[in-house]
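S.K.: Okay, sequence plus prediction incoming.
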Amino acid sequence: MSVYLLRRLIQAVGVVLAMSLIVFVGVFAIGDPVEILISPDADQMERERAIKALGLDLPLWQQYGIFLGKALQGDLGRSFVFNEPALTLIMQRMPATLELALAATFGAILIGLPLGLYAGLRPNSVGSKAIMAGSILGFSLPTFWVGLMLIMVFAVQLGWLPSTGRGETVTILGTRWSFFTMDGLAHMVMPALNLALFKISLVIRLTRAGVRETMLMDYVKFARAKGLSPFRVTFVHVFKNILIPVVTVTGLEFGSTIAFSVVTESIFAWPGMGKLIIDSINVLDRPVIVAYLMIIVLMFITINLIVDLTYSVLDPRVRLEGK
């Protein structure tokens, strides 16, 4: 296990370094923030002074070297717009995005697993066919359209749920959370559902495929021949063996939910990292953009490692030390 962890950490360092270079060069090429940040009425001397203050007068390789050196010390740069550390800005918005991603992921598991299990155990029933048809809709409908329809139906026409914002929050350990207030939960329902629709469909199809494949295995037939109850066969012999692909995809999708919650946060005015990155792109706030992308890379690496380690818990046959 220790050798595996060491190898994965070395790989992670290489990936982070490569991505930092790609991200930095890519962000540098998307435009000139001076044109947006500095008033058009400013004279040339003021412009040059501002450019020097922002460090934009240095060659690209030198800017990258300064960024990398500071990043190793935990400093991912200072926002051009807010004049605050980019990491601080992102960390202030991260709890909002994390709780939205957690709500969407848990919702996908709680809804998708039972539906997929039912569809796999009774593939020819009317209910199973309806579930699979619904999963196709979950894959096909665009997120922005679903979000707008949710607002129009449940907020505008029915008035059941608030349309935008995060709602009331409580501070726990210095961090604001809306999980623990009824108003916060009401504000979270629609954006979490909007994020979860694709993942519900994915979990349904993965679970159904896993059940259909596992039901044909010899050990399941043997368990039935021994006279075990259908409940025990399903939840002891079948369910545990279909969890590995579900855990893998769900773990990776959790990272995707965090990274690509931009559309949902913009539609529902959810004050998370996605909303921050959109605002930063609009004003070419390079330090915030680079810091956000680097944090997303680190999240994906961490989630991949956690998923790999979870394998050994779900199935001891999986050898982490394998070639």
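M.R.: All right, it came through fine.
S.K.: where do the strands sit along the protein?
M.R.: Per DSSP state E, the chain carries strands over the ranges 170-172, 175-177.
S.K.: Dump those to a markdown table, plus mean pLDDT and distance to residue 277.
M.R.: For every residue, glycine as well, the C-beta is placed using N, CA and C. Shown next, in a markdown table, are these (pLDDT from 0 to 100; distance: least, CB to CB, whole Å):
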| stretch | mean pLDDT | distance to residue 277 |
| --- | --- | --- |
| strand 170-172 | 81 | 24 |
| strand 175-177 | 78 | 19 |
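S.K.: which of those strands sits most buried?
M.R.: A comparison of the strands of the chain by mean neighbour count, using mean count of other CB atoms under 10 Å, puts strand 175-177 on top with a mean of 16.
S.K.: Can you give the strand pairings for that one, parallel or anti for each?
M.R.: The pairing partners recorded for strand 175-177 under DSSP bridges are strand 170-172 (antiparallel).
S.K.: In terms of pLDDT, where does residue 154 sit?
M.R.: At residue 154, the pLDDT value in this model is 90.
S.K.: and it, what is it in contact with?
M.R.: With contacts defined as CB atoms under 8 Å, 6 or more residues apart in numbering, the neighbours of residue 154 are 160-161, 190.
S.K.: List buried residues within those.
M.R.: 161, 190 (16 or more other CB atoms under 10 Å).
S.K.: can you tell me which of the contacts of residue 154 are in helices?
M.R.: Among the contacts of residue 154, the members falling in helices (DSSP state H) are residue 190.
S.K.: and the contacts of residue 154 as CSV, adding distance to residue 79?
M.R.: Converted to CSV, these look like this (distance: CB to CB, whole Å):
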residue, distance to residue 79
160, 38
161, 33
190, 30
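S.K.: Can you add distance to residue 305 and give the strands of the chain back as CSV?
M.R.: Formatted as CSV, these follow (distance: least, CB to CB, whole Å):
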stretch, distance to residue 305
strand 170-172, 27
strand 175-177, 24
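S.K.: Nearest to residue 222, out of those strands?
M.R.: strand 175-177 (48.2 Å; CB to CB).
S.K.: List of residues touching the closest one?
M.R.: 95-96, 99, 169-171, 184.
S.K.: Now, of these, which are buried?
M.R.: By neighbour count, with 16+ other CB under 10 Å, the contacts of strand 175-177 hold 95-96, 99, 169, 184 as buried.
S.K.: Go through these and say which is closest to residue 259.
M.R.: Comparing the buried ones among the contacts of strand 175-177 against residue 259 with CB to CB picks out residue 96 as the nearest, at 14.6 Å.
S.K.: Report the contact partners of that closest one.
M.R.: Counted by CB under 8 Å, 6+ apart, residue 96 has contacts 166, 176, 178, 270-273.
S.K.: Then residue 109?
M.R.: For residue 109, the contact set (CB under 8 Å, 6+ apart) comprises 203, 246, 250.
S.K.: and which of the residues you listed is nearest residue 44?
M.R.: Closest approach between those and residue 44, by CB to CB: residue 250, at 55.2 Å.
S.K.: now that closest one: how far from residue 273?
M.R.: Distance check for residue 250 against residue 273: by CB to CB, to the nearest Å, it reads 20 Å.
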